[in-house]
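Peer 1: fold the stuff below for me.
(chains A and B)
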Amino acid sequence: MHRTEDVLATLSMIRQYKLDVRTVTMGIDLAPCSSPDAEILCDRIRARLVHYAGRLRAVCREVEGRYGIPIVNRRIALSPIGRVAAGHKTEGLLAVARTLDAVAAEVGVDLVGGFTALVQKGWTESERRLIAALPEVLSTTRRVCASVNVGTTAAGINMDAVAALGGVLKETAERTRDHDGFGCAKLVVFGNATNDNPFMAGAFHGQGEPDCVINIGVSGPGVVKAAVEDLVAHAPSRPTLGDIAEEIKSTAFRVTRVGELIGREVAARLGVAFGIVDLSLAPTPQVGDSVGEILQAMGVSRLGGPGSTAALALLNDAVKKGGSYASSSVGGLSGAFVAVSEDSALARAVEAGDLTLAKLEAMTAVCSVGLDMIAVPGDTDAETLSALIADEVAIGVINHKTTAVRVIPVPGKKAGERAVFGGLFGEMEILPIHAAGGSADFVRHGGRIPAPLSSLRN
Amino acid sequence: MSRAAGGSAGAVLGMKGDPEASMSSFIISVTAADRVGIVYSVTGALLDLGGNVLELSQTVMRGYFTIILEAAFDSPPSHAQIVEALRERGKRFDLHVQVTEVKDGREQELVPSGEKFILTVLGDDSPGIVHNIAGSLAAHGANIVDLHARVEGRRFSLVMEAMIPHDLTPAAIRSELERYGKAHKLEAFVQHEDIFAATTEPGPVRIGASARVQGQGDSLASN
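Peer 2: Predicted structure coming up:
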């Protein structure tokens, strides 16, 4: 018999504090689909996706029913299309995007990732075309997500790609103007992208992965917040930050284990490999499901004020430690996301004037992902956006970690106005970019920022 | 606690595992107001009768001690001899003893097999909750294998392990309990046992046998 206290603790995580499996993401290798004929390529992709993912929706429902744990999203991550569709012209790339959009709807997944180019050291002609086609793809498809890896610690930063992406963001935003530039929310620019990240919009099926794999994204900011609040409220004396770290660690253990259980079961029922659990505290706009609220529970009442970075560092590290102990199959990003529009507490801190872009950049040095879901003024020039990307990617490249940029220049709106993306993407007040417009010459140099030295690390 | 005196029951009687086929065994339950030394007394009486304890479970509830055990005997005593020996050895405890002989057919399944789920019911106390929940489960052929319920103030909580037959979906039980819960201002939850094992035990995560079998038989991996 399980201890009643353990049963009730696990139950309250699920029922009261919104523990769920945020995504079951099926990774599929598309290398066998390659063909110089676009029609054949699309037919093969369609057949392979239906073959592997045809039962994904039904199996997820079975497992959901069996365990009573909600599976919020089902998604597919594909081999980078920049390689799968090597040699294809723009029309061929657009045909692939349309195929992915249609098949994703057919098999019942909400997003499909992998319209991706890995160009950290250089780019092929096809990858250059793919990046140029992104505004068209992101504005005309519903489910296709794109990502571009522009830097790694081993290769440095491809500034030609970074320069191009500033323009891509501008054009994508303009083409989705009536939805506050929402197309940009489906594009992630990475430094040190991971091969097995299950979270969108940046998921793709990287090298070294099997034909098909199930990766799991679990979340649970609400669970961690409740655990910290409970500790602070009921500890016999004021808990130390070490005590708080321990509490977060043990909570992360439980959350990760739920993810592994669901992932192994889904994979077993589908007869495919189980990959990893990515325990990332991914917020949703719902109150109580916020990374910012965890920091507040730790005692940082003004998010973005002094202490925010240290608190986030503690949180991120404790989450990773708990997850690592829980499972040998932890991967992806595994940490805390500071996705501003998706996190009600962070969005409120922006409105209060406490949380600035500069502070967010500092915070991303110690947590997962990077400048995520941030609305900026629509009249921001392309070079400034590129320079913003370069700054964030440099943090990752120098510090041997993944960083990413998902910023949305909202057409026709200025700082302080409201950008509304809807659903899980949330809404926020547009953040100003301090000292914008002075980085064009730097960006236009192009070329590559060399790989950093890996010794003399101070 | 009653176990305090005389070391563990297993050490006293040497829990040897399964009895020989020729042995007879009895299910024995003993209840009394809790005192130090009851386990020592009960197991000593059985040892004197030549008995060997095969399984034992003991708890103290609101000051009352209860033990249930199975004991095997090479030369089986009568019911009366067992009751008398236990009462005599533990007379200072005023033991209430019940003895049931284990029939030959005990290996036959009297209850349907299934998968183990944890059912939890929380809310305001009122008479009949356990009775009604148990009735719902019995009507569906779900067997209760362990149950703990208590009232603290007005707050009722129940956690039980139940075997839900393979042909019954957890959703069916879940919706019935939720319907009952809603009518009585109770929250009712049905979760697979594996969830609790995964979140509270440090060992490797295990998944249901049905999933493994299904996965092996319907593999996509070769394609």
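Peer 1: now the one residue sitting closest to the centre of chain B, what's its secondary structure?
Peer 2: The C-alpha lying nearest the average C-alpha coordinate of chain B belongs to B:Asp146 (C-alpha atoms, centre = their mean; 4.3 Å). For B:Asp146, the secondary structure call by DSSP: H, G, I helix; E, B strand; the rest coil comes out as strand.
Peer 1: and it, how far from A:Glu392?
Peer 2: Using C-beta to C-beta, to the nearest Å, one obtains 53 Å as the distance from B:Asp146 to A:Glu392. No exception for glycine: its C-beta is placed from N, CA and C like everyone else's.
Peer 1: likewise B:Thr169?
Peer 2: 48 Å.
Peer 1: near chain B, which residues of chain A show up?
Peer 2: By the rule C-beta under 8 Å from any C-beta of the partner chain, the part of chain A lying against chain B is A:1-4, A:6-8, A:10-11, A:13-15, A:51-52, A:65-69, A:211-212, A:253-254, A:257-258, A:260-261, A:264-265, A:267-273, A:327.
Peer 1: list the ones among those that fall in strands.
Peer 2: Among the residues of chain A next to chain B, the members falling in strands are A:212, A:273 (criterion: DSSP state E).
Peer 1: A:Ala86 and A:Ser280: what is the separation?
Peer 2: For A:Ala86, the distance to A:Ser280 under the criterion C-beta to C-beta works out to 31 Å.
Peer 1: compare those two and say which is more crowded by neighbours.
Peer 2: Taking other C-beta atoms under 10 Å in any protein chain shown, A:Ala86 and A:Ser280 do not tie; A:Ser280 has more neighbours (28 against 15).
Peer 1: still on that earlier bit, so what's the residue nearest to the centre of chain B bridging to?
Peer 2: B:Glu161 (DSSP bridges).
Peer 1: ok, back up a step: of B:Thr169 and A:Glu392, give the one with the bigger neighbour count.
Peer 2: Set side by side, B:Thr169 and A:Glu392 give different neighbour counts by other C-beta under 10 Å, the larger being at A:Glu392 (26 against 13).
Peer 1: name the helix or strand of chain B that has the lowest mean pLDDT.
Peer 2: helix B:9-13 (a mean of 39; mean pLDDT, DSSP states H and E).
Peer 1: following it, which helix or strand comes up?
Peer 2: strand B:24-33 (DSSP states H and E).
Peer 1: got the angle for the helix or strand that that following strand is followed by vs strand B:24-33?
Peer 2: Once strand B:24-33 ends, the next helix or strand along the chain (criterion: DSSP H and E) is helix B:38-48. With axes from the mean of the first three to the mean of the last three C-alpha atoms, to 10 degrees applied, the angle from helix B:38-48 to strand B:24-33 works out at 150 degrees.
Peer 1: what's the angle from the very next helix or strand once past helix B:38-48 to strand B:24-33?
Peer 2: Read in the C-terminal direction, the helix or strand following helix B:38-48 is strand B:51-61, with elements assigned using DSSP H and E. Using the same axes, to 10 degrees, the inter-axis angle of strand B:51-61 relative to strand B:24-33 is 30 degrees.
Peer 1: and strand B:51-61, which strands flank it?
Peer 2: Partner strands and pairing direction for strand B:51-61 (DSSP bridges) are strand B:64-73 (antiparallel).
Peer 1: so for the strand it pairs with, mean pLDDT?
Peer 2: In this model, strand B:64-73 has an average pLDDT of 94.
Peer 1: and A:Pro409, what pLDDT?
Peer 2: What the model reports as pLDDT for A:Pro409 is 98.
Peer 1: may I have the host helix or strand of it exported as PDB, CA atoms only?
Peer 2: Counting by DSSP H and E, the secondary-structure element that holds A:Pro409 is strand A:403-410. Extracted as PDB, the C-alpha positions of strand A:403-410 are listed here (Å, rounded to 0.1, in the frame of the first residue of the first chain):
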ATOM      1  CA  THR A 403      20.000  30.000 -26.200                       C
ATOM      2  CA  ALA A 404      17.300  31.100 -28.600                       C
ATOM      3  CA  VAL A 405      15.400  34.100 -29.800                       C
ATOM      4  CA  ARG A 406      11.700  34.300 -30.500                       C
ATOM      5  CA  VAL A 407      10.900  38.000 -30.800                       C
ATOM      6  CA  ILE A 408       7.900  39.500 -32.600                       C
ATOM      7  CA  PRO A 409       8.200  43.000 -34.100                       C
ATOM      8  CA  VAL A 410       4.500  43.900 -34.000                       C
END
